[in-house]
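S.K.: Have a look at this prediction, sequence included:
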Amino acid sequence: MSLPQLYAVLLAGGIVLLAGIAAARTASRLGLPSLLLFLALGVLLGEDVLGIDFDDAQLAQTLGTSALAIILIEGGLSGKWADIRRLLAPSALLATAGVAVSVLITAAGAHLLLGMNWQLALLLGAIVSSTDAAAVFSVLRALPLPRRVAALVEAESGFNDAPAVILVLVFSTVGTGPPDVAAIAARIGFELAAGAAIGLAVGWAGVLALRYVALPATGLYPLATVGLGVIAFAAAGAAHASGFLAAYLAGLVLGNAVLSHRAATRSFAEGIGWLAQIGLFVMLGLLVTPRELPAALLPATIVGLVLLLLARPASVIACLTAFRVPWRQQAFISWAGLRGAVPIVLATFPIVAAVPGSRQLLNIVFVLVVVFTLIQGPTLPLLARLLRVTQPHQARDVDIEAAPLDVLNADLLTLSVPLGSRLHGVKIFELRLPKPSIVTLIIRAGDTIVPEPDTLLRERDEVLIVTTPATRAQVERRLRAVGRGGRLAHWYGEHGESDPGRTPATPGTTNTPALSSPAQAGPPTSAGGAGRISPHWRAGLLSGRAHHSRPATPPPPKDQAVHGAESDHAVT
C-alpha cells in the first residue's frame, strides 16, 4: 500500500468513525440501540449505494470474532461481581439450558414453517439464540429497573455467547444427518469448563502481577489489563476451549479487583469497546447485499415471531421458575432478549464452512436482527411500565462513580442528586457517613461550594466525597438509603441495598417530601467532574491541606452520637 492509498484509507476510516459516533448520539436520543444506525451506515457504504465492495466472509468472521472478544472484555471489566454472584445460577442456566430450549423450538419452527432441512434449521436456531447486552442496555440505561433484573440480563448476555458459538460450529460440520446429542453435550461441557478455568486463571494471575509490578507510566495499566483479557481469549481458543467465556471472566476478575488506575482502565476499555462495536456493525452492514434482503423479509419475520413469542418465553420460564422470579420480571426478561452483533457474526461461520444455503441464513439473520430490534427496543420502556417491573413513583437510585486518589490511597466518589431524591433538603451532618469519609465539595449550578456541617443538599447537586476502600461500600449503602428514605431511612427499613426489592415506606410527617415521578437525572459525573476544582484546591486536597479545609462531617451532638446502621434512629 502506497502512502497516498494509506492516507485515503485513514481519511475514510476517520470519517466513518466520526459518523458512527454521531450515530450513537442520535440513537441514544431516539431511544434506539445504536447498532441499527451502525448497520445502516455499513449498508450505505456498500456496493449497492456508495459502491464499496466487501464480500469476504472469512475476513468478516476473523475481524468479527476479534471485535466480539474486545466487547466481552469490556463487558467483564464494567460488570459488578457483587450483582452477578447472586445471579450466577439463574444466568448460567439461561445461558446453557435456555439456549438449548431456544435452539430446539426455533429450529422446529424453521423446519415446519419454512421447509428448511434440519441442518440449516438448527444452524439458524443456534445463530439467533444469543442475546446482546450492548443492545439491551443502550435502551434500558434510563429506566430505574431493579438491579436483579438488569444484572440477570447482563450476566446472561455475557455467558450465552460461548454455547451459541459452540453449537454453530458443531452444526456447521455435522452434515444433514441427526446430530449426536451426547457428543455435543460433552463438547459444550468441556469447552465451557476449560474456558472458564483459563479465564479465571489469567484474571487472577493478572491481578497479582498488576498489584506488585510498578509500571513506568499510568497509560500502561489500561493496556496491560485489556492485554490480559486478549491473552485469556487467545489461550482458550488455542486449547479448543471457549475463548469468549474466558475473555469475559478474565475481564470480570480484573474489573472487580482493587487495582491502581481503575477508572482510567475502565474508560480506556469503554473507548475501545465502542470502537470495536462501530467497526463491527459497519463491517457487517457492508457484508450484506441490500438487493437480496427483501426476499429474506418473510422468513425472517416468521422465524423472529417463533423466537420472540415461543422460544424465548419458553427458555425463560423453564430456567427462572425454579428461582421464584416473579412472572412480570420473567415476561420483561423474555422481551428484553435483543439480538445484536453476535448472531450476524455467527452467520458467517456456515458460509466459511461452505454449508449449502448459508448465504440465505446470513440475509435472514440480518433482517431478523434489524426488524425485531426496531420492534422490541422502543417498546421496552412501555412494557416495563405496563408490567410494573419498575414503579414510576419509586425513589431513584443515586449515581456514583469512583476515581482513585493514589496519594491518599482513597477513592473520590461523585454523587449526583437526581430530581425527586430524598437527599434533597438533607444536611451534610445528617448523612452520617462512616469515618474517615468526608464531603469535600458541592457543585451547584456551575458554582463550587465548600460545605459546612449544616449545608443543605439540593436536587441536581454534584457532591464530591473522599473515602477509603475499606468504607466505600458502607458509604454507598448509606447514600442509597438516604436517597430513597431520607434522613430517617433506617427507621423506615431502608438499608441501601443494591436491589431492595420494594419501595421504602413513605414517612408520614409533612416535613418529608412526597415521592413524585422523577425526571431522568443527567448522566453520572465521572472522575473528570473533579476538573472543575481549581488546581490550588486539588493540590491542597492531595496533600491533606484542602483549601478552606474544615470537617465536612463533624461529630454529632452527644444526644445524637450514633454509629453505623443505628445512625438514623437518633436523628430527629
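M.R.: Nice, I can see it.
S.K.: residue ranges with poor pLDDT in the stretch 401-550 of the chain?
M.R.: For the stretch 401-550 of the chain, the stretches with pLDDT under 70 are 401-409, 489-550.
S.K.: Apply 90 and report the result again.
M.R.: For the stretch 401-550 of the chain, the stretches flagged by pLDDT under 90 are 401-441, 444-550.
S.K.: any chance you could map the strands in it?
M.R.: 410-416, 438-444, 447-449, 462-467 (DSSP state E, counting those that start in this stretch).
S.K.: who does the shortest one touch, helix- and strand-wise?
M.R.: Counting contacts by 3 or more C-beta pairs under 8 Å, 6 or more residues apart in numbering; DSSP states H and E, strand 447-449 is packed against strand 438-444. Glycine gets a C-beta too; all of them are placed from N, C-alpha and C.
S.K.: Direction included, what does the strand it packs on pair up with?
M.R.: strand 447-449 (antiparallel), strand 462-467 (antiparallel) (DSSP bridges).
S.K.: tilt between it and strand 410-416?
M.R.: 40 degrees (axes from the mean of the first three to the mean of the last three C-alpha atoms, to 10 degrees).
S.K.: Would you mind putting the CA coordinates of strand 438-444 into PDB?
M.R.: Only the C-alpha atoms of strand 438-444 are listed here, as PDB (Å, rounded to 0.1, in the frame of the first residue of the first chain):
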ATOM      1  CA  ILE A 438     -15.800  13.400  54.300                       C
ATOM      2  CA  VAL A 439     -17.800  15.600  51.900                       C
ATOM      3  CA  THR A 440     -15.200  17.900  50.300                       C
ATOM      4  CA  LEU A 441     -17.100  19.900  47.700                       C
ATOM      5  CA  ILE A 442     -20.600  20.600  46.300                       C
ATOM      6  CA  ILE A 443     -21.000  21.700  42.700                       C
ATOM      7  CA  ARG A 444     -24.300  23.600  42.300                       C
END
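S.K.: rewinding a little: so for residue 50, which of the strands paired with strand 438-444 sits nearest?
M.R.: With C-beta to C-beta as the criterion, residue 50 lies closest to strand 462-467 of these, at 44.0 Å.
S.K.: Please identify the buried residues of the closest one?
M.R.: Residues 462, 463, 464, 465, 466, 467 are the ones in strand 462-467 that count as buried (16 or more other C-beta atoms under 10 Å).
S.K.: Dump those to TSV, plus distance to residue 274.
M.R.: TSV is the format used below for the buried residues of strand 462-467 (distance: C-beta to C-beta, whole Å):
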residue	distance to residue 274
462	25
463	29
464	27
465	29
466	30
467	30
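S.K.: which one of those residues sits closest to residue 285?
M.R.: Once C-beta to C-beta is applied, the member of these that ends up nearest residue 285 is residue 462, at 38.9 Å.
S.K.: bridging residues for that closest one?
M.R.: residue 416, residue 443.
S.K.: Pretty sure it sits against residue 415.
M.R.: Yes: Residue 462 is within contact range of residue 415, at 7.2 Å (criterion: C-beta atoms under 8 Å).
S.K.: Count residues in the vicinity of residue 44, would you?
M.R.: Around residue 44 there are 16 other residues, counting by other C-beta atoms under 10 Å.
S.K.: meant to ask about residue 209, not that
M.R.: Residue 209: 11 neighbours (other C-beta under 10 Å).
S.K.: try residue 485
M.R.: Residue 485: 26 neighbours (other C-beta under 10 Å).
S.K.: wait, doesn't it sit right on residue 422?
M.R.: Yes: when contacts are counted by C-beta under 8 Å, residue 485 is listed as touching residue 422 (6.1 Å).
S.K.: Alpha carbons of the helix or strand residue 301 falls within, as PDB, please.
M.R.: Using DSSP states H and E, residue 301 sits in helix 297-306. Only the C-alpha atoms of helix 297-306 are listed here, as PDB (Å, rounded to 0.1, in the frame of the first residue of the first chain):
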ATOM      1  CA  LEU A 297     -38.100 -10.400   5.000                       C
ATOM      2  CA  LEU A 298     -40.900 -13.100   5.200                       C
ATOM      3  CA  PRO A 299     -38.800 -16.000   6.500                       C
ATOM      4  CA  ALA A 300     -37.000 -13.600   8.900                       C
ATOM      5  CA  THR A 301     -40.400 -12.400  10.200                       C
ATOM      6  CA  ILE A 302     -41.700 -15.900  10.700                       C
ATOM      7  CA  VAL A 303     -38.500 -17.100  12.500                       C
ATOM      8  CA  GLY A 304     -38.400 -13.900  14.600                       C
ATOM      9  CA  LEU A 305     -42.000 -14.400  15.700                       C
ATOM     10  CA  VAL A 306     -41.300 -18.000  16.700                       C
END
